[in-house]
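[1] After the sequence you'll find the predicted model.
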Amino acid sequence: MVPSMAFTQDELQSLNTIMEQKLFTQRRDLERTFDLRLQALRREFEQRVTTVQHDLLRTMSRRLNDQHTRTREVLLQKFESQHTNLIEVLEQNFMAQQQQQQQHFEDSVERSLAAQLLAIEQIIHQRLSIILQSPEFSLGYSAEGQPEFDTIEVQTEIPWEELATLVDRALEERLSSLQDVVLSALKELEQALLANAQTLHATSPSSEPITQKLDSGVDAQASLDTTSNIERLEHLVEAMQVAMTSNSALISNRLYHHQQLPLERAHPAQQPHQPLSNSHKLNHQSAQPSLTGSSDLNE
């Protein structure tokens, strides 16, 4: 049997004080431990949150960039395909409209030409028969029996552009032949002048200085005259070339304007013979420079 221990009031009070101190110390240690643990957990949580936030931002930015790139590529492809389709549709519409306009224009031109060419052919045949029967027709031939200008036969199948091309070609051939003749004549004249000058220098006596001065003055005057004649011939050739070119341009312009005119203005009923008379005047004007050039060359 254990004997009971009796504590006094002071002992109990001191025991309570000791217990309270130990409890306070343990509580303070626990609070400190909890605070440290909570701070560590807070730092770790903040770090993890920051890391997750950075990863999320980086991932979202990369995904947004990829999505933006893919969207841009898709939009560009769609825009390019739509642009190509739009251009093709516009080109097809433009080509179809142009073909319709060209077909309509060709039909109108063919109708107008078909209505005009028969009357033009009849007028040409009448004029040619009158010219062939007239006595002035013999003046158009040279000494060899060749005509001064080429004859162009107008058919119903020849369009206005080919007719203008034929007229230009004929004028160019005549101008080139005339230029060749003038250049050959100038060369012959130059050779003759050189031969005469050499003959004069060879036959002039060396003992008469006054006669040599006179001969040199005469030779200088002859050279000046020859130079002036050559310059006049060159001016004549240039004038003839300008005249032939202007005649060719005038014929082409008149043919083009005649093609653009309607049927009532191109062939009025009051003046049925006007178009051929204009072409006859043009042929007569184009033949005059060649006659003038040949007469000046003969001089």
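    Thanks, I have the structure now.
[2] What helices and strands are in contact with the helix or strand harbouring R27?
    Element membership of R27 [criterion: DSSP states H and E] is helix 9-133. Counting contacts by 3 or more CB pairs under 8 Å, 6 or more residues apart in numbering; DSSP states H and E, helix 9-133 packs against helix 263-266, helix 274-298. In this view, the C-beta of every residue, glycine as well, is placed from N, C-alpha and C.
[3] between these, which gets the lowest average pLDDT?
    When the helices and strands packed on helix 9-133 are compared by mean pLDDT, helix 274-298 comes last with a mean of 42.
[4] list the helices and strands the next helix or strand after the helix holding R27 packs on?
    Using DSSP H and E, the next helix or strand after helix 9-133 towards the C-terminus is helix 160-203. Helix 160-203 sits against helix 209-260, helix 274-298, with contacts defined as 3+ CB pairs under 8 Å, 6+ apart.
[5] residue ranges with poor pLDDT in this structure?
    For the chain, the stretches flagged by pLDDT under 70 are 1-5, 127-128, 131-132, 134-160, 204-223, 258-259, 261-299.
[6] change it to 80
    Across the chain, residues meeting the criterion (pLDDT under 80) sit at 1-7, 109-168, 170-172, 174-175, 178-179, 181-182, 185-186, 189-190, 197, 200-299.
[7] Can you give the domain ranges for it?
    Split into domains by automatic domain parsing, the chain comes to 27-97, 112-127+156-261+274-298.
[8] Need those domains in JSON lines (columns: distance to Q21 and mean neighbour count).
    Listed next are these as JSON lines, based on distance: least, CB to CB, whole Å; neighbours: other CB atoms under 10 Å:
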{"stretch": "domain 27-97", "distance to Q21": "11", "mean neighbour count": "10"}
{"stretch": "domain 112-127+156-261+274-298", "distance to Q21": "127", "mean neighbour count": "14"}
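[9] Show me the one of these that comes nearest Q133.
    Relative to Q133, the nearest member of these by CB to CB is domain 112-127+156-261+274-298, separated by 10.9 Å.
[10] what would the domains of the chain look like in TSV with distance to F105?
    TSV is the format used below for the domains of the chain (distance: least, CB to CB, whole Å):
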stretch	distance to F105
domain 27-97	12
domain 112-127+156-261+274-298	11
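[11] for the ones you listed, which one sits closest to S14?
    S14 sits nearest to domain 27-97 of all the domains of the chain, at 20.1 Å, using CB to CB.
[12] Quick check on T8: phi, psi?
    phi -80, psi 180 (degrees, to the nearest 10).
[13] Now do it against T17, distance only.
    According to CB to CB, to the nearest Å, T8 and T17 sit 14 Å apart.
[14] same deal with A185?
    Note on A185: its distance to T17, by CB to CB, is 155 Å.
[15] ditto for E73
    83 Å.
[16] now swap in A239 and tell me
    A239 is 147 Å from T17, by CB to CB.
[17] again, but for T25
    On the measure of CB to CB, T25 and T17 end up 13 Å apart.
[18] And for E11?
    Distance from E11 to T17, by CB to CB: 11 Å.
[19] ok, I18 - how many residues close by?
    10 (other CB atoms under 10 Å).
[20] same check, this time on S129
    10.
[21] next one: V109
    14.
[22] Please shift the residue numbers so they start at 756 in all later answers.
    In the new count, where the first residue is 756, that last one comes out as V864.
[23] With Q858 as the reference, measure out to it.
    11 Å.
[24] what do you get for Q781?
    For Q781 relative to Q858 (CB to CB), the value is 112 Å.
[25] got it, and T814?
    Per CB to CB, T814 is found 65 Å from Q858.
[26] and if you look at T826?
    Per CB to CB, T826 is found 47 Å from Q858.
[27] How about A994?
    Distance, A994 to Q858, using CB to CB: 46 Å.
[28] shouldn't L941 be in contact with I985?
    Yes. Look at L941 against I985 with CB atoms under 8 Å: they come within range, at 6.2 Å.
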